[in-house]
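Participant: coordinates for the following, if possible.
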Amino acid sequence: MANERKTESIVRTHFEQFSNIIQIEEQISDNPKIDKLLKFASKKGEGKGKPEFFITFSGNSDLLIVIECKADITKHQSTTKDKYSEYAVDGVLLYASYLSKDFDVIAIAVSGETKPRLNISHFLHLKGDKKPSPIFGSKLLSADDYLEGYLKSPEKFRQDYHALLDFAKRLNETLHSHKILESQRSLLISCVLIALENKAFKTAYPFYGATNPKDSVEEKEEKTDNASKELANYLVDTVSNELKNANLKGDKLDNLNIQFGFIRTDTSLSSKKDVLKKLICDIDENINSFIKTHEYFDVLGQLYIEFLRYANSDKGLGIVLTPPHITDFFAEIAQVNKNSIAFDNCTGTGGFLISAMKKMIESAKGDQEKIREIKKNHLIGVEYQSHIFALAVSNMYIHQDGKTNIINGSCFDDEVMREIKSRKPTAGFLNPPYKGKSAKKTDIEELEFVLNNLECLSDGGTCVAIVPMQSALAQSGKILQLKKKLLELHTLEAVFSMPNELFINSDVGVVACVMVFTAHKPHPENKETYFGYYKDDGFEKRKNKGRIDVYDKWGKIKDKWLSYYRNGKVEPGFSVKQVVTANDEWCAEAYMVTDYSVLSTEDFEKTLKEYILFNELYLK
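Facilitator: Next up is the predicted model:
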């Protein structure tokens, strides 16, 4: 006869190994919140729900593990998942649906009476989500592995990212109310994040302005009045010392001190009581914690984008930043690994370099010496605008090094180019400044930046650039001459037509394409170039959030994009291979065969809208 106590004993023994970081409770929890949530969660539809185990973490009050056991492995999961009292999976998912109103829940279903025959299923049901997602595998893990897997899961990232965007909106409103200029807001945040890396600062800042009960009234007033100014000076001095200790010297350090210097004199930050202290606290809680959990993500770039979305003068502030999922895609296209040397001649906030660093470190597989070498020598950037340069250096610092190889200057400067070439970069990435409708004839063309990047790469290096579609379509004038020069010197491997609203988060109306080149190998005659119609990345617009991956489609879509490109696979309506010259249009739309059998009314309406948008942007 099946004995559920045996199953429970196996589970209990497993988790008791980790009692130093978890607390195990059985059937009833002392936590009143858990008790209340399960008040009407009985598997039979009446009374309180009583799972076999609750597990909480001493260092993370948001996460709760709930476990349901069954002795009979045939009672693991029903086909409908609604036989709550009979099946382990059905029952534990019921409990998770109640508990997820206030907790992030890992739901574990265990069936079987012996270790070798255990059947185990894991689900993650995040707070506020309607449905759980399968996670982990079919074995019981250590408590640390559960915590780490939860924190680094795509589902948790999505939840935290949305929370970050919500905080960015609130923070922007707060900074606006304190009259902090749009162009200075990301600088303030980056300054705070660097300072929070200093343990002494992080410990001391909450006590600025604190008074002693024994102080006289005059002493208390003096401490309160001076606290904000002292904290502002302490913040900037801490950052200056941190960067100096990180081997930033001379003009670079002077430039950064100038960029952060406004904090010392800003009326709200240096004069108003507790304004700066509260900002530091909020940034630590909402942004710093995100960075510590989700490494190698261009947080400053995303905040910069968010601030631009709410600014009145956004187009005058500087640059169009590439969304993080696309910077990661670029690193995959270039097949970045631990031996790659990445170069971005239009660095911006450093998003491409951070994505490249992520891939390099993954490739190093824990080799700490190699990882240190990667951060020290394998990431190179050039940024012209001083305030954006400060953000890039800050971003690389926050991600632990790489900042000393960011150059503040023009990528066309001979001395800068010599320095870049001496480092022999193998992978080039760029999103150049876009000229726009108000551009002057003397403005640098986007393809000139592409040529510059390619010139700095080692022979056979890969350059991946995202540029306006008009650069690919031009059949006359200066752009045509640049296309000719590109093919004379380098090989055009592929062009991807990107989503029309890719840059909507930056509020910039431009339809873009991605070009992939092999450096210093002239384009062979009769070579077929791969063209991909990569218009659907799965992202959708949401109010106050911009374009986001609402339904987690991007992972599968990215895999298809990469696979088709790498294998040169042709599919009607999606991809094509074509021999082209500089006189031709470099886009999939010009050569694709349409598969009319799959067309719908919605496709027709979507194409009309895309044409109207394209006509508004480029043909008027």
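Participant: now do the same contact list for residue 550.
Facilitator: With contact taken as C-beta atoms under 8 Å, 6 or more residues apart in numbering, residue 550 is in contact with 539-540, 542. Any C-beta I mention is one placed from the backbone N, CA and C, and that applies to glycine too.
Participant: make it 6 Å
Facilitator: Neighbouring residues of residue 550 by C-beta atoms under 6 Å, 6 or more residues apart in numbering: residue 540.
Participant: likewise for the one 3 residues further on?
Facilitator: Each residue near residue 553 by C-beta under 6 Å, 6+ apart is listed here: residue 538.
Participant: how near is it to residue 135?
Facilitator: Taking C-beta to C-beta, to the nearest Å as the measure, residue 553 and residue 135 are separated by 18 Å.
Participant: over to residue 24?
Facilitator: Note on residue 24: its distance to residue 135, by C-beta to C-beta, is 20 Å.
Participant: higher neighbour count, these two?
Facilitator: Remark: of residue 24 and residue 135, residue 135 carries more neighbours, 19 against 16, as counted by other C-beta atoms under 10 Å.
Participant: which helix or which strand is home to the nearest residue to that one once chain neighbours are set aside?
Facilitator: The spatially closest residue to residue 135, leaving aside those adjacent along the chain, is residue 124, at 4.3 Å (C-beta to C-beta, 6 or more residues apart in numbering). Take DSSP states H and E as the rule and residue 124 turns out to sit in strand 119-125.
Participant: can I get that strand in PDB? Just the C-alpha atoms.
Facilitator: Included here for strand 119-125 are C-alpha records, laid out as PDB according to Å, rounded to 0.1, in the frame of the first residue of the first chain:
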ATOM      1  CA  ASN A 119       8.900  12.100 -10.100                       C
ATOM      2  CA  ILE A 120       9.400  15.800  -9.500                       C
ATOM      3  CA  SER A 121       8.000  18.900 -11.300                       C
ATOM      4  CA  HIS A 122       8.800  22.500 -10.600                       C
ATOM      5  CA  PHE A 123       6.800  25.700 -11.400                       C
ATOM      6  CA  LEU A 124       7.400  29.400 -10.800                       C
ATOM      7  CA  HIS A 125       4.400  31.500 -10.100                       C
END
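Participant: centre of the chain to the next helix or strand after that strand, how far?
Facilitator: Tracing the chain C-terminally past strand 119-125 and defining elements by DSSP H and E, one meets strand 133-134 next. Using C-alpha atoms, centre = their mean, to the nearest Å, the distance from the centre of strand 133-134 to the centre of the chain it belongs to is 22 Å.
Participant: what does the worst-scoring helix or strand of the chain on mean pLDDT contact?
Facilitator: Between all helices and strands in the chain, the lowest mean by mean pLDDT, DSSP states H and E belongs to helix 601-614, at a mean of 74. Residues from elsewhere that reach helix 601-614 (C-beta under 6 Å, 6+ apart): 500, 511.
Participant: these two touch, right, residue 105 and residue 99?
Facilitator: Yes. Using C-beta atoms under 6 Å, residue 105 is in contact with residue 99, at 4.9 Å.
Participant: between the two, what contacts are shared?
Facilitator: Common contact partners of residue 105 and residue 99 (C-beta under 6 Å, 6+ apart): residue 64.
Participant: mind checking which of those two has more residues around it?
Facilitator: With other C-beta under 10 Å as the criterion, residue 105 and residue 99 differ in neighbour count, and residue 105 comes out ahead with 28 against 25.
Participant: tell me how far that one lies from residue 20.
Facilitator: Going from residue 105 to residue 20 by C-beta to C-beta gives 22 Å.
Participant: for residue 429, grab phi and psi.
Facilitator: Dihedral angles phi and psi of residue 429 (degrees, to the nearest 10) take the values phi -130, psi 140.
Participant: wait, what's in contact with the spatially most central residue of the chain?
Facilitator: Nearest residue to the geometric centre of the chain (C-alpha atoms, centre = their mean): residue 297, 4.0 Å. By C-beta under 6 Å, 6+ apart, no residues touch residue 297.
Participant: helix, strand or coil: sort out it for me.
Facilitator: At residue 297, secondary structure determined by DSSP: H, G, I helix; E, B strand; the rest coil is coil.
Participant: the one 4 residues further on now?
Facilitator: Reducing the assignment to helix, strand or coil with three-state DSSP, the entry for residue 301 is helix.
Participant: residue contacts, it?
Facilitator: By C-beta under 6 Å, 6+ apart, the contact list for residue 301 reads 321, 349, 351.
Participant: equivalent analysis for residue 465, please.
Facilitator: Counting by C-beta under 6 Å, 6+ apart, residue 465 makes contact with 430, 450, 515.
Participant: can you tell me the element the nearest residue to the second one once chain neighbours are set aside falls in?
Facilitator: Same thing as residue 450. Closest residue to residue 450 apart from its sequence neighbours, by C-beta to C-beta, 6+ apart: residue 465 at 4.7 Å. Assigned by DSSP H and E, residue 465 belongs to strand 462-468.
Participant: do residue 277 as well
Facilitator: According to DSSP H and E, residue 277 maps onto helix 275-283.
Participant: run the chain-centre distance for that helix.
Facilitator: Going by C-alpha atoms, centre = their mean, the spacing between the C-alpha centre of helix 275-283 and its chain's C-alpha centre is 23 Å.
Participant: again, but for stretch 479-486
Facilitator: If you compare the mean C-alpha spot of stretch 479-486 with that of the full chain, they lie 34 Å apart, counting by C-alpha atoms, centre = their mean.
Participant: before we move on, what about stretch 492-505?
Facilitator: Shown here is stretch 492-505, whose average C-alpha point lies 18 Å from the average C-alpha point of the whole chain (C-alpha atoms, centre = their mean).
Participant: contacts for that stretch next, please.
Facilitator: With contacts defined as C-beta under 6 Å, 6+ apart, stretch 492-505 is touched by 305, 320, 472, 510-518, 523, 529-535, 537, 546-547, 565, 586-588, 610, 613.
Participant: narrow those to those in strands?
Facilitator: Using DSSP state E, the members of the contacts of stretch 492-505 that fall in strands are 512-518, 529-533, 546-547.
Participant: and the residues you listed, which two are furthest apart?
Facilitator: When these are compared pair by pair using C-beta to C-beta, the two farthest from each other are 518 and 546, 33.9 Å apart.
Participant: could you check which of the two is surrounded by more residues?
Facilitator: residue 546 (21 against 18).
Participant: per-residue pLDDT, the more buried one?
Facilitator: The predicted local distance difference test score for residue 546 is 78.
Participant: then residue 311?
Facilitator: In this prediction residue 311 is given a pLDDT of 54.
Participant: let me see the ranges of the helices in the stretch 251-400 of the chain.
Facilitator: 262-265, 267-271, 275-283, 289-293, 299-310, 324-333, 351-364, 368-377, 386-398 (DSSP state H, counting those that start in this stretch).
Participant: so who does the residue nearest to residue 554 when sequence neighbours are not counted touch?
Facilitator: Distances taken as C-beta to C-beta, 6+ apart put residue 538 closest to residue 554, at 4.8 Å, once the chain neighbours are dropped. Residue 538 sits next to 549, 553-554, 557 when contact means C-beta under 6 Å, 6+ apart.
Participant: export the residues you listed to JSON lines and append columns for distance to residue 44, pLDDT and secondary structure.
Facilitator: Output for the contacts of residue 538, formatted as JSON lines (distance: C-beta to C-beta, whole Å; pLDDT from 0 to 100; DSSP: H, G, I helix; E, B strand; the rest coil):
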{"residue": "549", "distance to residue 44": "39", "pLDDT": "90", "secondary structure": "coil"}
{"residue": "553", "distance to residue 44": "38", "pLDDT": "94", "secondary structure": "coil"}
{"residue": "554", "distance to residue 44": "41", "pLDDT": "95", "secondary structure": "helix"}
{"residue": "557", "distance to residue 44": "43", "pLDDT": "98", "secondary structure": "helix"}
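Participant: any of those residues buried? List them.
Facilitator: Buried residues within these, counting neighbours by 16 or more other C-beta atoms under 10 Å: 549, 554, 557.
Participant: how much space between the first one and residue 541?
Facilitator: Yep, that's residue 549 we're talking about. Residue 549 sits at a distance of 12 Å from residue 541 (criterion: C-beta to C-beta).
Participant: and what of the last one?
Facilitator: With distances taken as C-beta to C-beta, residue 557 is found 17 Å from residue 541.
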